[in-house]
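In: show me how the following folds:
(one chain, ligands or ions: 3)
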Amino acid sequence: MSAPSQLSKDPHNDYFDFGAARQVPETHTWEGLYEHPLVDGGVGAAEDAVPVVDLRDPHAAEAVARASEQWGTFLLEGHGIPSELLARVEARIASVFALPASEKMRAARQDGQSHGYGLPPIASYFPKTTWSEGYTLSPANLRAELRKIWPDAGGDYRHFCDVMEEFHRQMLAVVDKLTVLFLAALGVASVEAGRKIVETMSETVTMHINWYPKCPDPKRTLGLAIHTDSGFFTFLMQSHVSGLQLFRHEPDRWVGVPPGALIVNIGDLFQILTNGRFRSTYHRAVVNRESTRVSVAYHLGPPADAKVAPLREAVGGGKPAYRTVTWREYFLVRKEAFTTGGSALQMVSLSPGDHDDDGDGADQISEISS
Ligand SMILES: C=C1C[C@]23C[C@@]1(O)CC[C@H]2[C@@]12CCC[C@@](C)(C(=O)O1)[C@H]2[C@@H]3C(=O)O
Ligand SMILES: O=C(O)CCC(=O)C(=O)O
Ligand SMILES: [Fe+2]
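Out: Ligands and ions are numbered 1, 2, ... in the order given. The predicted structure is shown next:
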């Protein structure tokens with residue numbers, strides 16, 4: 001599937017009052033949303049059922065490998081994050097987005113900034129605006145960021161920061177367990193390598209909160225535009241309202257992901273690291289008339305300037321399929337891909353016979369170190 005080719009001249013960065021909207025204006029109307037059929041991805045949907053991995057399963061590494069190769073997405077069970085904590089996260093997020101525009105806009109993302117309130121970075125590559133608000137935060141800057149919204153650092157501020165920090169702490173334990181499974185699935189035996197990967201990813205976690213308000217005419221608009229996540233992998237916590245759809249080929253279709261589950265998405269840099277064995281998935285979010293929906297994407301990847309190249313274990317006796325890239329550089333490649341209608345992964349792929357200009361692509365530690 002090719003990416004949209006129009007780079008927006010006007011990213012519609014002004015505040016839009018979703019609560020007051022009685023219809024979907026032209027600025028938020030998307031064409032061609034239903035070119036492909038929508039199928040249910042729930043348990044029991046046969047080949048359309050989104051794979052499930054249970055962290056408690058002794059064969060979980062094999063299940064992770066299968067799901068990452070065939071889907072690039074799976075539902076995670078046995079993760080141990082209490083549903084009561086997820087409910088508190090959702091309630092505190094609601095308290096931020098319920099604030100008046102003037103207060104939220106104090107934290108508005110500035111041009112080129114990785115954090116802040118407002119639409120996510122890819123929004124600016126599309127000519128239309130999505131039916132959503134967003135807030136990008138990292139655990140490291142959480143309190144400083146939220147002081148922009150709540151300068152008095154009162155109860156709402158403390159409750160929000162405390163619950164997000166608790167969520168982050170609990171997610172790190174899940175990151176640890178899942179990384180062990182990914183490395184086992186890839187045949188990377190080094191415990192030291194695993195420890196280093198988890199440590200660097202933990203330092204660079206980015207959380208993107210998506211807030212999808214109720215919509216009076218949901219079929220005409222989109223909550224989040226089609227994209228692949230660009231890092232290593234993303235955990236997606238979503239409320240008990242459906243909205244996430246995965247794009248699948250043969251036949252081309254949208255698969256609706258069951259609500260409520262914790263989802264794992266493989267990102268583009270992981271596709272590169274695994275030499276194309278694990279695949280990133282195109283996905284989007286739709287909105288609905290009845291309920292507001294919340295999701296928190298917990299993005300994991302390397303430090304921005306660390307080099308990522310196919311792992312020796314993944315290349316085996318073959319050739320690296322991708323050249324070495326940093327995440328920072330990949331963002332620029334993706335921007336160009338959106339502008340030209342190309343594919344960012346294609347743009348960093350090596351044609352057969354090409355040599356990786358950054359060395360042999362063999363040492364798994366140096367490949368993700370700065
Ligand atoms: C770490 C990141 C991944 C992300 C870009 C970002 O710097 C922070 C926001 C993330 C997000 C969330 C919504 C979809 C997405 C494509 C976007 O535009 O912003 C992802 C980015 C990504 O995966 O590249
Ligand atoms: O809200 C969703 O279900 C999708 C969110 C997402 O894909 C993202 O934030 O990267
Ligand atoms: Fe995503």
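
In: every contact and neighbour count from this point should use C-alpha atoms.
Out: Will do.

In: show me which residues of the stretch 151-300 of the chain are close to ligand 1?
Out: By the rule C-alpha under 6 Å from any ligand atom, the part of the stretch 151-300 of the chain lying against ligand 1 is 206, 208, 227, 229-231, 299.

In: which residue is the nearest non-sequential neighbour of Ile209?
Out: Val296 (4.5 Å; C-alpha to C-alpha, 6 or more residues apart in numbering).

In: low-scoring stretches of the stretch 51-200 of the chain, by residue?
Out: Within the stretch 51-200 of the chain, no stretch falls below the threshold (pLDDT under 70).

In: follow-up on the earlier one: among the residues of the stretch 151-300 of the chain next to ligand 1, name the ones in strands.
Out: If you go by DSSP state E, these have 206, 208, 227, 299 in strands.

In: closest one of the residues you listed to His28?
Out: Nearest to His28 among those, counting by C-alpha to C-alpha, is His227 at 17.7 Å.

In: and the spatially closest residue to Leu246 that is not a sequence neighbour, its phi and psi?
Out: Closest residue in space to Leu246, ignoring its immediate chain neighbours: His283 at 4.4 Å, by C-alpha to C-alpha, 6+ apart. Per-residue torsions, His283: phi -150, psi 170 (degrees, to the nearest 10).

In: ok, back up a step: and the residue nearest to Ile209, what does it touch?
Out: 207-210, 236-238 (C-alpha atoms under 8 Å, 6 or more residues apart in numbering).

In: go on, Glu145?
Out: Going by C-alpha under 8 Å, 6+ apart, Glu145 touches 107, 116, 137.

In: the residue nearest to Ile209 in helix, strand or coil?
Out: Following DSSP: H, G, I helix; E, B strand; the rest coil, the label given to Val296 is strand.

In: and the host helix or strand of Glu145, how far out from the chain middle?
Out: Assigned by DSSP states H and E, Glu145 falls within helix 142-149. Relative to its chain's centre, helix 142-149 lies at 22 Å (C-alpha atoms, centre = their mean, to the nearest Å).

In: likewise stretch 241-251?
Out: Stretch 241-251 has its average C-alpha position 15 Å from the chain's average C-alpha position, going by C-alpha atoms, centre = their mean.

In: mind listing what's buried along that stretch?
Out: Residues 241-248 are the ones in stretch 241-251 that count as buried (16 or more other C-alpha atoms under 10 Å).

In: how near is Ala304 to Thr204?
Out: Separation of Ala304 from Thr204 (C-alpha to C-alpha, to the nearest Å): 9 Å.

In: which of the ones in strands among the residues of the stretch 151-300 of the chain next to ligand 1 has the largest number of neighbours?
Out: His299 (24 neighbours; other C-alpha atoms under 10 Å).

In: model confidence over stretch 305-324, on average?
Out: If you average the pLDDT over stretch 305-324, you get 95.

In: ends of it, what's the gap?
Out: End-to-end for stretch 305-324, by C-alpha to C-alpha: 11 Å.

In: near ligand 1, anything from that stretch?
Out: No - Stretch 305-324 stays out of contact with ligand 1 when judged by C-alpha under 6 Å from any ligand atom, the minimum separation being 13.0 Å.

In: just grab the bridge partners of the residue nearest to Ile209 for me.
Out: Under DSSP bridges, the beta-bridge partners of Val296 are Ile209, Met237.

In: any idea how far Thr129 is from ligand 2?
Out: Taking C-alpha to the nearest ligand atom, to the nearest Å as the measure, Thr129 falls 15 Å from ligand 2.
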